[in-house]
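Asker: Have a look at this fold, sequence not included:
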């Protein structure tokens with residue numbers, strides 16, 4: 001993640017912290033005025049509380065910076081955040097007291113300030129704890145770790161490896177090193193990192209392992225036909241960085257949807273080519289928004305969970321929920337949750353129904369599937385409400401609200417190389433295909449192209465539009 005992306009995330013945290021601080025003071029004002037025992041409710045009408053709120057915002061904005069509030073969630077403990085919150089509030093109260101003294105405001109209630117201070121500490125701690133647990137959950141599943149494949153074995157490769165090792169806030173992890181010279185296979189570059197293959201193994205390595213970025217540390221004029229590797233990375237959706245030898249005439253090759261830019265990568269200047277949404281800061285905010293939206297949608301759908309669970313249990317033997325292994329971001333494996341809409345031995349029965357498959361490509365779909373549970377299974381599939389339990393996957397950080405649908409591993413084994421780029425963004429509950437009016441008639445290639453269109457044109461507005469259209473699709477009941 002580059003400096004601009006980090007600044008977006010930090011600015012977002014600052015905005016939330018100031019909103020929490022403002023809310024804490026407003027809530028303290030109403031608590032003091034309306035909810036305390038009558039003997040403690042009185043408030044002096046002398047001070048202008050809008051001015052005091054403005055002074056609090058300024059004081060706490062300064063104190064958050066002085067207390068170094070915006071440390072890495074990945075490298076810090078929850079205790080570190082707690083001590084910084086206490087420190088920030090102490091500094092903020094000190095600055096506020098000095099400001100009140102300078103402008104001669106002396107009749108503000110100390111009890112009001114005490115309530116504000118307690119609320120602010122508790123709410124800030126609640127926000128930091130929720131964010132910390134969210135990031136920790138992503139870390140445990142490897143979803144916040146950026147897996148890097150290095151091409152090269154010379155001094156620049158050592159510089160990159162050393163920069164990653166020395167950066168305490170880095171989420172980068174080196175998964176392997178390839179080189180252009182077969183004679184170097186097995187040689188150690190730096191520390192415990194050694195060459196495991198040649199650049200000719202790149203395509204197979206991308207198929208077999210989880211790779212998020214490739215860093216070229218060799219001169220492009222030493223690689224035969226470098227364009228083929230850039231095209232391969234673009235098709236798979238893996239970001240490329242190059243530690244340049246400044247042979248810029250090689251960069252005349254520009255894939256249609258790739259972005260080319262210069263970056264400061266942990267102190268090492270690099271050129272990056274990326275065919276996926278390239279603002280990691282905005283992608284992080286999308287994940288945070290997914291977490292908030294997932295909590296909201298899960299809470300309001302709890303009655304539906306109860307109703308469908310009872311309906312499935314009374315209509316068919318077996319559990320109400322079904323889980324299946326799917327592939328997520330860049331091939332990360334996870335178990336997806338759904339309401340069970342088929343009989344318990346549906347996967348075994350599929351072998352006998354393969355001749356009836358109406359979908360092209362590796363997908364399997366047939367009309368009036370005999371494995372579907374009568375009534376409740378049909379209803380859930382037509383309305384797509386069988387996907388509701390995937391809100392749990394969203395809260396676990398494995399899925400987004402909007403994104404390409406998560407495929408099963410056997411499907412991906414049959415993908416053409418250009419189709420694998422749909423794995424370059426976290427999968428979602430709904431997508432363009434889900435809201436397409438003729439989705440059941442779309443070819444597999446057209447389905448893949450819709451997912452790639454979403455990746456290439458992603459924005460928050462696009463997500464909102466797809467969510468609203470999904471609600472209409474659910475009400476219309478056009479699923480199968």
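Answerer: Received, thanks. The model shown is predicted, which means the values in this text are computed figures rather than measured ones.

Asker: Next up, the contacts around residue 64.
Answerer: Residue 64 is in contact with 14, 17, 70, 88, 92, counting by CB atoms under 8 Å, 6 or more residues apart in numbering. For glycine as for every other residue, the C-beta is placed from the backbone atoms N, C-alpha and C.

Asker: And whichever strand or helix holds residue 28, what's buried?
Answerer: Here residue 28, judged by DSSP states H and E, is contained in helix 3-30. Within helix 3-30, the residues that count as buried by 16 or more other CB atoms under 10 Å are 5-6, 8-9, 13, 17-18, 20-22, 24-25, 27-29.

Asker: Tell me the helices and strands packed up against it.
Answerer: The contact analysis (3 or more CB pairs under 8 Å, 6 or more residues apart in numbering; DSSP states H and E) places helix 3-30 against helix 49-66, helix 110-140, helix 280-300.

Asker: ok, back up a step: between the buried residues of helix 3-30, which is nearest residue 452?
Answerer: residue 5 (22.6 Å; CB to CB).

Asker: between the helices and strands packed on helix 3-30, which gets nearest to residue 199?
Answerer: helix 280-300 (26.0 Å).

Asker: Neighbours of the closest residue to residue 339 other than its chain neighbours, how many?
Answerer: Once flanking residues are discounted, residue 339 sits nearest to residue 386: 4.4 Å by CB to CB, 6 or more residues apart in numbering. Neighbours of residue 386 under the rule other CB atoms under 10 Å: 22.

Asker: Quick check: residue 386 vs residue 212, distance?
Answerer: 31 Å (CB to CB, to the nearest Å).

Asker: likewise residue 112?
Answerer: Per CB to CB, residue 112 is found 50 Å from residue 212.

Asker: Repeat that for residue 164.
Answerer: Taken as CB to CB, the span from residue 164 to residue 212 is 13 Å.

Asker: Check residue 80 too.
Answerer: 27 Å.

Asker: Those two - which one has more neighbours?
Answerer: Higher neighbour count among residue 80 and residue 212: residue 212, with 22 against 16, using other CB under 10 Å.

Asker: Quick one: residues contacting that one.
Answerer: 146, 147, 148, 238, 239, 330.

Asker: between the contacts of residue 64, which is nearest residue 402?
Answerer: Of all the contacts of residue 64, residue 402 sits closest to residue 14, with 26.5 Å by CB to CB.

Asker: Mind listing what's buried along the helix or strand containing residue 472?
Answerer: In this assignment (DSSP H and E), residue 472 forms part of helix 460-476. Buried positions in helix 460-476, judged by neighbour count with 16+ other CB under 10 Å: 463, 466, 467, 470, 473, 474.

Asker: Who are the packing partners of that helix?
Answerer: helix 280-300, strand 400-402, strand 428-430, helix 432-435.

Asker: Report the angle between it and helix 280-300.
Answerer: Using axes from the mean of the first three to the mean of the last three CA atoms, to 10 degrees, the interaxial angle of helix 460-476 with respect to helix 280-300 works out to 30 degrees.

Asker: Show me the contact partners of stretch 430-438.
Answerer: For stretch 430-438, the surrounding residues in contact (CB under 8 Å, 6+ apart) are 384, 387, 401-405, 439, 442, 447, 450-451, 453-454, 466-467, 469-470, 472-473, 478.

Asker: Drop anything exposed from the residues you listed.
Answerer: Buried by 16+ other CB under 10 Å: 384, 387, 401-405, 439, 442, 447, 450-451, 454, 466-467, 470, 473, 478, out of the contacts of stretch 430-438.

Asker: Which residue, other than its chain neighbours, is closest to residue 336?
Answerer: residue 326 (4.4 Å).

Asker: tell me the mean pLDDT over the one helix or strand that neighbour maps to?
Answerer: Secondary structure assignment for residue 326, by DSSP H and E: strand 321-327. For strand 321-327, mean pLDDT is 90.

Asker: Equivalent analysis for stretch 202-216, please.
Answerer: Mean pLDDT, stretch 202-216: 89.

Asker: Ok, stretch 13-20 next?
Answerer: Mean predicted confidence for stretch 13-20 is 91.

Asker: what separates that stretch from the chain centre, distance-wise?
Answerer: Averaged C-alpha coordinates place stretch 13-20 at 20 Å from its chain's average position (CA atoms, centre = their mean, to the nearest Å).

Asker: quick one: residue 176 and residue 205 touch, right?
Answerer: Yes. Counting by CB atoms under 8 Å, residue 176 touches residue 205, with 6.8 Å between them.

Asker: joint contacts of those two?
Answerer: Common neighbours of residue 176 and residue 205 (criterion: CB under 8 Å, 6+ apart): 149, 197.

Asker: Just the closest of the buried residues of helix 3-30 to residue 219, please.
Answerer: Taking those together and measuring to residue 219 by CB to CB, the closest member is residue 5, at 28.1 Å.

Asker: returning to that earlier point: report the inter-axis angle for the helix holding residue 28 versus helix 49-66.
Answerer: 140 degrees.

Asker: sorry, back to before: let me see the contact set for the residue nearest to residue 339.
Answerer: Applying CB under 8 Å, 6+ apart to residue 386 gives the contacts 338, 339, 341, 377, 380.

Asker: Out of these, which two sit at the greatest distance?
Answerer: 338 and 377 (11.0 Å).

Asker: more neighbours, those two?
Answerer: Using other CB under 10 Å, the more surrounded residue of residue 338 and residue 377 is residue 377, with 23 against 19.

Asker: Which pLDDT value belongs to the more buried one?
Answerer: In this model, residue 377 is scored at 86, pLDDT.

Asker: and it, helix, strand or coil?
Answerer: State at residue 377, reduced to three classes by DSSP: H, G, I helix; E, B strand; the rest coil: helix.

Asker: Just give the closest residue to residue 285, not the sequence neighbours.
Answerer: residue 12 (6.1 Å).

Asker: wait, isn't residue 17 in contact with residue 124?
Answerer: Yes. Counting by CB under 8 Å, residue 124 is a contact partner of residue 17 at 6.4 Å.

Asker: Low-confidence ranges, the stretch 351-480 of the chain, go.
Answerer: 351-367, 440, 477-480 (pLDDT under 70).

Asker: residue boundaries of the helices in it?
Answerer: Remark: helices assigned in the stretch 351-480 of the chain by DSSP state H, counting those that start in this stretch are 376-383, 390-395, 409-413, 432-435, 444-457, 460-476.

Asker: of all these, which lies closest to residue 96?
Answerer: helix 460-476 (35.5 Å).

Asker: if I look at the residue nearest to residue 339, how far off is residue 217?
Answerer: Residue 386 is 47 Å from residue 217, where distance means CB to CB.
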